[in-house]
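**Q** Sequence unavailable; structure follows:
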């Protein structure tokens, strides 16, 4: 695990070495800032971050693929991946380390949004409850973790960062659309299946201030599935 | 590497990945199956309010099979309100199997079809009852037509014949002749009215076109019942007069003709009266109770199991676009309404509240004093009536509100101003009205009726007489110190002010009323202390609230001048009351609310009179953009007391309205603009600036 930790640390720092890391943070802050300022910051309105959290399933769509696209694709393109996978570090450590580094960076991306919490704290009466805000941020980390795991898989499948971004982005859009809208033309069993993997429904529950064991396990196990597939994709380079 | 040699690691990789995925999927399925949920909201906003969870528990105990259906056009609903109501329905759905929840968007094609199926199902459920009632109304209509024929064809000519047999030789004969002539005409008119009523009733029980075509026995029954009852009264009068005429020494031919008329009327009169009574007692089928809501396709329906009835909540008012401050309370209101609708199905015998007061006028429906309280009680299925003993000796009958005679009646007693003088010559002074109310109270207590007694300060003890309104407390071993209300004073920059309003935060207790108001602010206006006496050994007195003696509160004996000064002018009253050790008392804390029992008799005494009026109990603080109850304990105390007095303790539960919601304070346009730009543009720019600095420093 220490090997994964080292890789995670290196990956995390690398985001700040490149302008793209700062741009991603600024972009997310701008997107969420507009949502918060226009939707929530209404005098007399309910002092809640719920709209912000509930919209995050969509707001994170452009951000997380931008973080994950370079995780393995960049290494493959620059040829450093061969060196990495032939080093005494297992492929599982590589995938996990890269993923964790991206996840910590995602937390850094979310950090500026704490300014919204501070603003609510200052302008609301009585103070907003901490519980729903904590649950909301937990949902963002879990949701981001799932998105990043999908991105890690896409990044493992191709050495082209743009392709990795697009694969991740459109897969997540399709998942959100399929699980979040009523698809009358598909069979009912498929509707039930899409409902079972609905992301918006789960994020909305967290945004209310409810932490469900089932929802938490869904995000973690979903991320585990995609990471297992990413590991399989990376491992396949050895015997392809 | 050959294909065969590659197969080994590939299989291991595939098997490992598959195993990880399988474990993850199983974990997700188990997580969904055994889903534990943690509500992190401090107010429990995402939890069921005790009142709603209590209603759901009772629904489960009743065998379940209940449904909650929200029908509305989502396009015209306020999105936040729709979400809030949806949250409540989600909570209900997760609370167990007893209540199934459905949302129908009546604005979508699929929703329209679903809604039509729902209406058909509801109609089908009540069809046997609708058909049975329609048949009874048709039968009553046939009797009405038969009676109309008899009135027109038999009675009217017979009465006319009697009239022709009376020679108007004397004034009495002339009067008798006129009577029979008039009654003959009345019988013809009555015949036409009956036929008209039978026709209208027949039309009402014929299903009409439209989205929800239903027979309306609930509309037909009163039409026929009223017509038959009026005819029964007319026939009774004719029979009585005819019988008197027949035996009263009238001329033989006329008397002989009148005798059989009287005899023939009696059985028809009795049948008309009994048919009218039967029609009035027909219960309203559930689907008809909600017919209006079904027609509007905008309702929150609570549907009981077959035979368990239906209740509808006005969803339009919940979902309509509104001020944000009002909208923020939607979740609480939705919880209240769903709880009320469910409870109405589970426990249909709701209490009837009779407001008893010492005024010489009926005011509860005309003056904005109890408007909110009555609305709140009616939302819970509690009917509210009024009794002014000064005007009428007997309490109102509740028969038309309680056809099956199972509803408990609770008397909510308000004290009069005993110091008031009579305003008109016909008016009685306050002391006299207080005495009348006191007698009415004693009578209610003698009859074992449950009483919620609110006490005013009284001038009677000052004159060495007992307060007649409070004297009923003696049988419970209590007395009210109503001659010395509790005052307090505050030093303001403008000078000393004597205050008559007190805030009590009850600390709770075992008693269900005390538990319902625990930690909720209760405002008491002009409170008077209650004190235990030794006379009530057979009675049980439970203390509900005590008023602390903090901030220098005392019981004042010279309060009348302050009492008679308008509230707004009290701060400017020269020489306001001040504590005088010789005649006043600092003996707090004081008991100000108690629940008493003596055998089956129950009474709740509150040492304040106006604590449940709109201006106190339903005052909302609008300051800083928020609308929250200023004293949430008052309304809870009223409601909990009524449930307890009605013997329905299981329905006592704190309402969702007692919770508060954080709101954003009013901001100046400049501050709001600065905040918005700062967050939407300043924050990202700051991040980019930080990035530039970072890269500059770290290379």
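**A** In hand now; what should we look at? Here the structure is a predicted model, which is why all the values come from computation and not from measurement. Residues are numbered from 1 along each chain as shown, chains lettered A, B, ... in the order given.
**Q** could you point out the longest helix in chain B?
**A** Counting residues, the longest helix in chain B under DSSP state H turns out to be helix B:109-150.
**Q** How about that helix and chain A, any contact?
**A** Yes - judged by Cβ under 8 Å from any Cβ of the partner chain, helix B:109-150 comes into contact with chain A through residue B:110. Using the backbone N, CA and C atoms, a C-beta is placed for each residue, glycine as well.
**Q** continuing past that helix, what's the next helix or strand?
**A** Reading on from helix B:109-150 to the C-terminus, the next helix or strand found by DSSP states H and E is helix B:156-165.
**Q** For the longest helix of chain B, name the packing helices and strands.
**A** Packed against helix B:109-150, as judged by 3 or more Cβ pairs under 8 Å, 6 or more residues apart in numbering or on different chains; DSSP states H and E, are the following elements: strand B:66-72, strand B:99-105, helix B:171-204, helix B:217-247, helix B:252-280, helix B:286-289.
**Q** which residues touch residue A:116?
**A** Residue A:116 makes contact with A:32-33, A:36, A:40, A:49, A:52, B:679, according to Cβ atoms under 8 Å, 6 or more residues apart in numbering or on different chains.
**Q** got JSON lines for the helices and strands packed on helix B:109-150, with mean neighbour count, mean pLDDT and distance to residue B:17 too?
**A** Conversion of the helices and strands packed on helix B:109-150 to JSON lines gives the following (neighbours: other Cβ atoms under 10 Å in any protein chain shown; pLDDT from 0 to 100; distance: least, Cβ to Cβ, whole Å):
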{"stretch": "strand B:66-72", "mean neighbour count": "23", "mean pLDDT": "84", "distance to residue B:17": "44"}
{"stretch": "strand B:99-105", "mean neighbour count": "19", "mean pLDDT": "85", "distance to residue B:17": "40"}
{"stretch": "helix B:171-204", "mean neighbour count": "18", "mean pLDDT": "89", "distance to residue B:17": "71"}
{"stretch": "helix B:217-247", "mean neighbour count": "20", "mean pLDDT": "87", "distance to residue B:17": "67"}
{"stretch": "helix B:252-280", "mean neighbour count": "18", "mean pLDDT": "85", "distance to residue B:17": "76"}
{"stretch": "helix B:286-289", "mean neighbour count": "21", "mean pLDDT": "73", "distance to residue B:17": "57"}
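**Q** Of those, which is nearest residue A:26?
**A** Across the helices and strands packed on helix B:109-150, the minimum distance to residue A:26, taken as Cβ to Cβ, is reached by strand B:99-105, at 39.3 Å.
**Q** Is there proximity between the closest one and chain A?
**A** No - under the criterion of Cβ under 8 Å from any Cβ, strand B:99-105 makes no contact with chain A; the nearest approach is 9.7 Å.
**Q** so where do the strands sit in the stretch 451-600 of chain B?
**A** Secondary structure of the stretch 451-600 of chain B, counting by DSSP state E, counting those that start in this stretch: strands at B:451-454, B:478-481, B:486-492, B:495-499, B:501-504, B:522-525, B:529-532, B:540-547, B:554-555, B:590-598.
**Q** what's the average pLDDT for the shortest one?
**A** Computed over strand B:554-555, the mean pLDDT rounds to 94.
**Q** swap in the first one?
**A** Averaged across strand B:451-454, the pLDDT comes to 96.
**Q** do you know how far residue A:14 is from residue A:101?
**A** To residue A:101, residue A:14 is 8 Å away according to Cβ to Cβ, to the nearest Å.
**Q** Among those two, which residue is more densely surrounded?
**A** With other Cβ atoms under 10 Å in any protein chain shown as the criterion, residue A:14 and residue A:101 differ in neighbour count, and residue A:101 comes out ahead with 25 against 15.
**Q** quick one on the thing from earlier: pick the one among the contacts of residue A:116 closest to residue B:75.
**A** For residue B:75, the nearest member of those is residue A:40. The distance, counting by Cβ to Cβ, is 23.4 Å.
**Q** Helix, strand, or coil at the one residue sitting closest to the centre of chain A?
**A** For chain A, the residue lying nearest the average C-alpha position, counting by Cα atoms, centre = their mean, turns out to be residue A:144 (1.8 Å). Following DSSP: H, G, I helix; E, B strand; the rest coil, residue A:144 is assigned to helix.
**Q** check contacts around it.
**A** Residues in contact with residue A:144 (Cβ under 8 Å, 6+ apart) are A:60, A:64, A:103, A:106, A:110.
**Q** Nearest to chain A, out of the strands of the stretch 451-600 of chain B?
**A** Nearest to chain A among the strands of the stretch 451-600 of chain B is strand B:501-504; the distance by Cβ to the nearest Cβ comes to 17.8 Å.
**Q** Let me know the next secondary structure element after the lowest-mean-pLDDT helix or strand in chain A.
**A** Per-element confidence for chain A was summarised using mean pLDDT, DSSP states H and E. The lowest value among helices and strands belongs to helix A:80-86, with a mean of 71. The C-terminal neighbour of helix A:80-86 among helices and strands, as given by DSSP H and E, is helix A:91-110.
**Q** Do any residues in that following helix lie close to chain B?
**A** No - judged by Cβ under 8 Å from any Cβ, helix A:91-110 makes no contact with chain B; its nearest approach is 8.9 Å.
**Q** tell me which residues of the next helix or strand after that helix are tucked away?
**A** Heading C-terminal from helix A:91-110, the first helix or strand you meet, by DSSP H and E, is helix A:114-123. By neighbour count on 16 or more other Cβ atoms under 10 Å in any protein chain shown, the buried set for helix A:114-123 is A:115-117, A:119-120, A:123.
**Q** How many neighbouring residues does the residue in the stretch 451-600 of chain B positioned nearest to chain A have?
**A** Closest approach of the stretch 451-600 of chain B to chain A (Cβ to the nearest Cβ) occurs at residue B:521, with a separation of 14.3 Å. Other residues near residue B:521 number 16, with proximity taken as other Cβ under 10 Å.
**Q** Residue 60: how many residues sit nearby?
**A** This is for chain A. Other residues within reach of residue A:60 by the criterion other Cβ under 10 Å amount to 25.
**Q** meant chain B actually
**A** Using other Cβ under 10 Å, residue B:60 has 17 other residues around it.
**Q** Let me see the contact set for it.
**A** So residue B:60 contacts B:96-98 (Cβ under 8 Å, 6+ apart).
**Q** now the helices and strands packed on helix B:109-150 in CSV, with distance to residue A:218?
**A** CSV is the format used below for those (distance: least, Cβ to Cβ, whole Å):
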stretch, distance to residue A:218
strand B:66-72, 26
strand B:99-105, 22
helix B:171-204, 55
helix B:217-247, 50
helix B:252-280, 58
helix B:286-289, 40
